[in-house]
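A.B. asks: Make a model of this:
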Amino acid sequence: MKKNLFTALAALVMGVFAVSSCNEQKLDLNGEWKVVELDGTAVDLAEVPTVAFTDGTYSMFAGVNTVNGSYVVEGEAVVLEDGAMTKMMGAPEEMAVEDRIVSLLGKKLNVKVEGEELVLSLDETPVIRLSK
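C.D. replies: Next up is the predicted model:
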C-alpha cells in the first residue's frame, strides 16, 4: 500500500514538473546577429557590429573591438555580463557605436523576437535592433 502511494505521489510530482516545463518557452538567442539599429538610428559602418550567442556565452564585435563573455536569460530578458575586451582605437563614428553598445553590458535588457529580428530594450525603450 505504501509503495503504491509513493509511486502515485512520485508520478503526480513528475507530471506537474513536466507540464510546467512544457508551458515555459525558453528564449533562444543562439546564432549570430547583426546590429542594424542603435537607439533608433541605422548603424552604417564599414564593418557591422555583431553578437553571436552560444549556450550561455557571447562573442561580440562592437565596432572596433571584440568582447567575449557570458549571458544570462531571465524570463523575457537577457543580461550580457562584462567580459574580456580588446582595447584598440578606431574612427570616431565607430567608437561612438561601440561605446553605446558596451555601455549596455551588465544591464537587464528586455528581449522581443520579431521574425528574424531581435529587439533589445532598456525598460520600455528599444536600444538595439539586430537581425540574423
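
A.B. asks: What's the first helix or strand after the least confident helix or strand in the chain by mean pLDDT?
C.D. replies: Lowest by mean pLDDT, DSSP states H and E among the helices and strands of the chain is helix 2-23, with a mean of 44. Downstream of helix 2-23, the next assigned helix or strand under DSSP states H and E is strand 31-38.

A.B. asks: I'd like the average pLDDT over that following strand.
C.D. replies: Mean pLDDT, strand 31-38: 97.

A.B. asks: same thing with stretch 105-112?
C.D. replies: Averaging pLDDT along stretch 105-112 gives 97.

A.B. asks: which residues are in contact with that stretch?
C.D. replies: The contact list for stretch 105-112, computed with Cβ atoms under 8 Å, 6 or more residues apart in numbering, reads 27, 29, 67, 69, 74, 76-83, 118-124, 127-128. Every residue, glycine included, has its C-beta placed from N, CA and C.

A.B. asks: which phi and psi does G40 have?
C.D. replies: With angles defined as degrees, to the nearest 10, G40 sits at phi 80, psi 0.

A.B. asks: my read: it touches P126, true?
C.D. replies: Yes - applying Cβ atoms under 8 Å as the test, G40 and P126 come out as touching, 7.1 Å apart.

A.B. asks: who has more neighbours, those two?
C.D. replies: Comparing G40 with P126 by other Cβ atoms under 10 Å, the one with more neighbours is P126, at 16 against 9.

A.B. asks: element containing the residue most central in space within the chain?
C.D. replies: By Cα atoms, centre = their mean, the chain has its centre lying nearest to V78, at 4.8 Å. For V78, the host element (DSSP H and E) is strand 77-80.

A.B. asks: Name the surrounding residues that touch that strand.
C.D. replies: Residues contacting strand 77-80 (Cβ under 8 Å, 6+ apart): 27, 29, 51, 58, 60, 69, 71-72, 104-111, 120.

A.B. asks: What's the ChimeraX line that selects buried ones from these?
C.D. replies: In ChimeraX, a selection of the buried entries from the contacts of strand 77-80 looks like this (16 or more other Cβ atoms under 10 Å):
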select :29,51,58,60,69,71,104,105,109,110,111,120
